[in-house]
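**Student:** model this:
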Amino acid sequence: MDIPLIIILNKTKGGIPMSKIISLFINFLNRINKIIWKIIIFLSKFIKIDDINYLDNKPTNERYRHFKVDEPAFFEPFKTIETKDHKQLIKDNNIKPIKRRNGKNIAVNISCPSCNAPKDYLYDNTGKQIQFECKVCSLVFSTKPNPKKEIILKCPHCTYALSKRASRNDFDVYVCNNKKCSYYLNNLASLTLSDKKRFIKNPTLFKLHYIYRKFNIDLPTINKDYRDFIKSPIDISKAYSSQYIIGLCLTYHVNYGLSYRQTAALLRDIHEVYISYKTVENYCKSVSTIVHPVLEFYPYELSDTQAADETYIKVKGKTNYIFFYFDAINKIITSYRVFKKRDSLSSIKAAYSTLSKYDKIPDSLKVITDGNPIYKVACQYWTEHGLPFSLYQVIGLTNQDDISKEYRSEKQIIERHNRTLKYYYRPKGGFSSLDDANNYMVLFSTYFNFLRYHSSLGYKVPVEMPELDGISNMPNKWIELINLGYKYINIYG
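**Tutor:** Coordinates of the predicted model:
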């Protein structure tokens, strides 16, 4: 009989050699191991070995389908009803009125919309006087048509009518269910033998059918939202402080990344200006609404290469997302808005902020992003609305495809820009509301485009404004931007 472990530990005080203790302990563990194996062998008679393979704790290496945006579908209107003369058709074909076997007549006062045949020549297909068929011209029609059905969506590969599969917040998903569609057959033939086995077990792993996303996003709403997404808490023209003090607040808070409290303390300790941190906050938010038109409507000289990426910030402790579009050559921020969600609608709005800054969209316009599929949705949406651009997605951290090899440097540029933002944003520790976050992003982007010197541009600012030439200090430059903002408000407001 083996000595229990408790007894062994108790006898260690009585002078038992350590080697004896270790030997007994190892023997005890070996006995336990044999008992466990006997239990496993006994249970294996009732359980298949394949059912307990999960004990290896290795993740299954499944290949999931990549998000793909197919070419646009065909939009066809419903066939118009051809007008005919029922009297002439009845006379030519000797058509008799319908003899109803059930003895029931059509109660509603209705006639054929094509030939105007009266209800005596109409079949009641449903028995509920909803759908009818005309005996004279063979037209099938309904007394309760669906007003939402204005067009028919058809597959561009087989012209088969698309079926609605799902509804999302911003679009409806339509799919071609034709098993003889050339698109489906080509995708099916391209599967390897192992892929076909996986497809039989789980068809959702592969995208074989044609899919089209029909957007329900109102373009005028996007245009209005793009102009009015920030608001001012006060009228800065009624501020008690001088314009130079406001310029100092902006310089410390934006240029040097200080918080509102740090800025107020610096003004008090160095400049002997006694204003509260809340006053500094109100000044900065008000200026953001004034310089916003300058940031949006200034006549930029943009290149045909834009890099886009989203990075996160904290708003009331929750993650929100900044969608940056960045001119990779001229180092100009063209989109900078903060959204609560990282979804397709946010991506569409961010892309619009960039596309609207071009007088004419270049044919060679390229947008380089990561592999997030929402950029493909934005590309499809704006292509359908007359603002096309080419999308190139850099996947992963290593260059495993030609696109990643060619455009990796542009993707790294936008990543470095994100780190620049985090350097200025970190001391703030987050924002109290989405409006506060967007107000700050307007100020940061204004500083980045018009006031911040870049080593990659030969220590010049990305956008050299004639109005700022000859101004030596930063507070006065902010004052001039404010004055310029009032002019832009009168023009574009």
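
**Student:** C-alpha only now, for contacts and for neighbours.
**Tutor:** Fine.

**Student:** spatially nearest residue to Y274, not counting backbone neighbours?
**Tutor:** Of all residues not flanking Y274 in the chain, R268 sits nearest, at 5.3 Å (CA to CA, 6 or more residues apart in numbering).

**Student:** how about that neighbour, phi and psi?
**Tutor:** In terms of degrees, to the nearest 10, the main-chain angles of R268 are phi -70, psi -50.

**Student:** domain parsing of the protein, as residue ranges.
**Tutor:** As given by automatic domain parsing, the domain ranges for the chain are 5-56, 79-142, 149-215, 293-492.

**Student:** among those, which comes closest to L248?
**Tutor:** Closest of the domains of the chain to L248 is domain 293-492, at 5.2 Å (criterion: CA to CA).

**Student:** tell me the most buried of the domains of the chain?
**Tutor:** Mean neighbour count (mean count of other CA atoms under 10 Å) peaks for domain 293-492 among the domains of the chain, with a mean of 18.

**Student:** helices of the stretch 351-493 of the chain, residue ranges please.
**Tutor:** Here the stretch 351-493 of the chain has its helices, by DSSP state H, counting those that start in this stretch, at 374-384, 402-425, 434-450, 474-492.

**Student:** I'd like to know which of these is closest to N320.
**Tutor:** Nearest to N320, of the helices of the stretch 351-493 of the chain and by CA to CA, is helix 434-450 at 8.3 Å.

**Student:** may I have that closest one as CSV, with CA atoms only?
**Tutor:** What follows is helix 434-450, C-alpha atoms only, in CSV (Å, rounded to 0.1, in the frame of the first residue of the first chain):
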residue,chain,number,x,y,z
LEU,A,434,-18.4,62.9,-30.3
ASP,A,435,-18.8,66.6,-31.0
ASP,A,436,-15.8,67.4,-28.9
ALA,A,437,-13.8,64.7,-30.8
ASN,A,438,-14.8,66.2,-34.2
ASN,A,439,-14.1,69.7,-33.1
TYR,A,440,-10.6,68.7,-32.1
MET,A,441,-10.0,66.8,-35.4
VAL,A,442,-10.9,69.9,-37.4
LEU,A,443,-8.3,72.0,-35.4
PHE,A,444,-5.7,69.2,-35.7
SER,A,445,-6.2,68.9,-39.5
THR,A,446,-6.1,72.7,-40.0
TYR,A,447,-2.8,72.8,-38.1
PHE,A,448,-1.4,69.8,-40.0
ASN,A,449,-2.3,71.2,-43.4
PHE,A,450,-1.5,74.9,-43.0
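
**Student:** by how many degrees do it and helix 474-492 diverge?
**Tutor:** Going by axes from the mean of the first three to the mean of the last three CA atoms, to 10 degrees, helix 434-450 is angled at 110 degrees with respect to helix 474-492.

**Student:** quick one: contacts of helix 434-450?
**Tutor:** By CA atoms under 8 Å, 6 or more residues apart in numbering, the residues outside helix 434-450 that reach it are 229-231, 254-255, 284-285, 287-289, 291-292, 295, 315, 331-333, 336-340, 431, 461-465.

**Student:** circling back to that earlier point, what's the closest of the domains of the chain to I246?
**Tutor:** I246 sits nearest to domain 293-492 of all those, at 7.7 Å, using CA to CA.

**Student:** pretty sure Y123 sits in a strand.
**Tutor:** Yes. With DSSP: H, G, I helix; E, B strand; the rest coil as the criterion, Y123 is part of a strand.

**Student:** can you list the residues that contact stretch 333-347?
**Tutor:** Residues outside stretch 333-347 that contact it (CA under 8 Å, 6+ apart) are 170, 296, 319-327, 350-351, 353-354, 357, 374-375, 377-378, 434, 437-438, 441-442, 445, 448-449.

**Student:** before we move on, back to that, could you dump the helices of the stretch 351-493 of the chain to TSV with distance to I36?
**Tutor:** Putting these into TSV (distance: least, CA to CA, whole Å) gives the following:
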stretch	distance to I36
helix 374-384	52
helix 402-425	52
helix 434-450	59
helix 474-492	76
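
**Student:** take these and lay them out in a markdown table including mean pLDDT and distance to K135.
**Tutor:** Shown next, in a markdown table, are the helices of the stretch 351-493 of the chain (pLDDT from 0 to 100; distance: least, CA to CA, whole Å):
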| stretch | mean pLDDT | distance to K135 |
| --- | --- | --- |
| helix 374-384 | 87 | 43 |
| helix 402-425 | 89 | 62 |
| helix 434-450 | 93 | 64 |
| helix 474-492 | 89 | 62 |
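
**Student:** what's the closest of those helices to D195?
**Tutor:** helix 402-425 (24.4 Å).

**Student:** wait, doesn't V175 sit right on P156?
**Tutor:** No. Using CA atoms under 8 Å, V175 makes no contact with P156, being 11.5 Å away.

**Student:** name the element Y312 belongs to?
**Tutor:** Y312 belongs to strand 305-315 when assigned by DSSP states H and E.

**Student:** avg pLDDT for the top helix by length along the chain?
**Tutor:** Longest helix in the chain by number of residues (criterion: DSSP state H): helix 18-44. Averaging pLDDT along helix 18-44 gives 83.

**Student:** how far off centre is that helix?
**Tutor:** Once both centres are worked out by CA atoms, centre = their mean, to the nearest Å, helix 18-44 turns out to sit 57 Å from its chain's centre.

**Student:** returning to that earlier point: of the domains of the chain, which is nearest T263?
**Tutor:** Distance to T263, taken as CA to CA, is lowest for domain 293-492 among those, at 11.5 Å.

**Student:** look up the closest residue to S432, ignoring the ones flanking it.
**Tutor:** K316 (5.2 Å).

**Student:** verify the contact between Y492 and P293 for me.
**Tutor:** Yes. Using CA under 8 Å, Y492 is in contact with P293, at 7.2 Å.

**Student:** now do the strands in the stretch 1-150 of the chain.
**Tutor:** For the stretch 1-150 of the chain, applying DSSP state E, counting those that start in this stretch gives strands covering 74-77, 122-124, 131-134, 140-142.

**Student:** no, scratch that, I was asking about the stretch 251-400 of the chain
**Tutor:** Along the stretch 251-400 of the chain, the stretches classed as strands by DSSP E, counting those that start in this stretch are 305-315, 318-327, 333-335, 338-339, 366-369, 390-393.

**Student:** residues in contact with the strand holding Y312?
**Tutor:** Strand 305-315 is touched from outside by 319-329, 365-370, 410-411, 413-415, 418, 429-434, 437, with contacts defined as CA under 8 Å, 6+ apart.

**Student:** got the angle for that strand vs strand 318-327?
**Tutor:** Per the same axes, to 10 degrees, the angle that strand 305-315 makes with strand 318-327 is 160 degrees.

**Student:** now for this structure, the helix or strand with the poorest mean pLDDT.
**Tutor:** helix 5-11 (a mean of 45; mean pLDDT, DSSP states H and E).

**Student:** could you report the distance from the spatially closest residue to Y375 that is not a sequence neighbour to F339?
**Tutor:** Using CA to CA, 6+ apart and skipping the chain neighbours, the partner closest in space to Y375 is S347 (6.2 Å). S347 sits at a distance of 9 Å from F339 (criterion: CA to CA, to the nearest Å).
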